[in-house]
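Novice: got a sequence here, can you build the structure:
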Amino acid sequence: MRAVPLPGGGLEITVSLPVDPDWDRSYRGEDSHQEVVMNQYLLSIYQPDGPPPGPEILEPIMRDLQALNEEMQAAGVWVFAAGLHPPETATVLKATQDEVLVTDGPFTEGKEHLGGFTVIQAEDLDAALGWARRLAKVLSPLSVEVRPSQS
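Specialist: Residues are numbered from 1 along each chain as shown. Alright, predicted model coming up:
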């Protein structure tokens, strides 16, 4: 596997995979691998504003989430994941012509907020959606948004 930084951000992930495991070795030669570019996807988890659920609800969810993260790692798709502090802990910076305005609180007001995210690498959107479906089931009834990175 090879990761190459791209101009403007993001990574290009290249994985070497066998072309055809049933192909006769005498026809393949020693280097029988083909490169597949893996795209990165952001799986954003949205949760309602307000306090988190109690331990009787949250602990089984966190256990199942840990198991899914470990499965993603074993499959080689997991890149990074993090939960975020509540939106009221955010600081927003906005540049004007001569200065940068710094304000406390979330950028937007709403009834739900970005509570965490997972970055995965997958061959295509269908593969990313497969992992996102599993994440959504673990985190039900929360929403999971899937967005490709610009790599």
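
Novice: adjacent strands (with direction) for the strand of greatest length in the chain?
Specialist: The longest strand of the chain (DSSP state E) is strand 33-48. Sheet pairing of strand 33-48 (DSSP bridges) gives strand 11-18 (antiparallel), strand 112-122 (antiparallel), strand 143-148 (antiparallel).

Novice: buried ones in the very next helix or strand once past the second one, by neighbour count?
Specialist: As assigned by DSSP states H and E, the chain's next helix or strand after strand 112-122 is helix 125-138. Residues of helix 125-138 classed as buried: Ala127, Ala128, Leu129, Trp131, Ala132, Leu135, Ala136, Val138 (neighbour count, 16 or more other CB atoms under 10 Å). Where C-beta positions appear, they are placed from N, C-alpha and C, glycine not excepted.

Novice: report pLDDT for the nearest residue to the third one once chain neighbours are set aside.
Specialist: Leaving out its chain neighbours, the residue that sits closest to Leu129 by CB to CB, 6 or more residues apart in numbering is Val146, at 6.1 Å. Val146 is assigned 98 on the pLDDT scale.

Novice: enumerate every residue touching the residue nearest the centre of the chain.
Specialist: Geometric centre of the chain, nearest residue: Val119, 2.0 Å, by CA atoms, centre = their mean. Each residue near Val119 by CB atoms under 8 Å, 6 or more residues apart in numbering is listed here: Gln40, Tyr41, Leu42, Leu43, Val79, Phe80, Ala81, Ser149.

Novice: now with 6 Å?
Specialist: Residues in contact with Val119, defined by CB atoms under 6 Å, 6 or more residues apart in numbering, are Gln40, Leu42, Val79, Phe80.

Novice: so the first one is in contact with Gln150, correct?
Specialist: No. If you go by CB atoms under 6 Å, Gln40 and Gln150 don't touch, sitting 9.4 Å apart.

Novice: which one's more surrounded, these two?
Specialist: Gln40 (22 against 10; other CB atoms under 10 Å).

Novice: so what does the nearest residue to that one once chain neighbours are set aside look like in phi/psi?
Specialist: Leaving aside its sequence neighbours, Gln40 sits nearest to Ser149 (CB to CB, 6+ apart; 4.3 Å). With angles defined as degrees, to the nearest 10, Ser149 sits at phi -80, psi 160.
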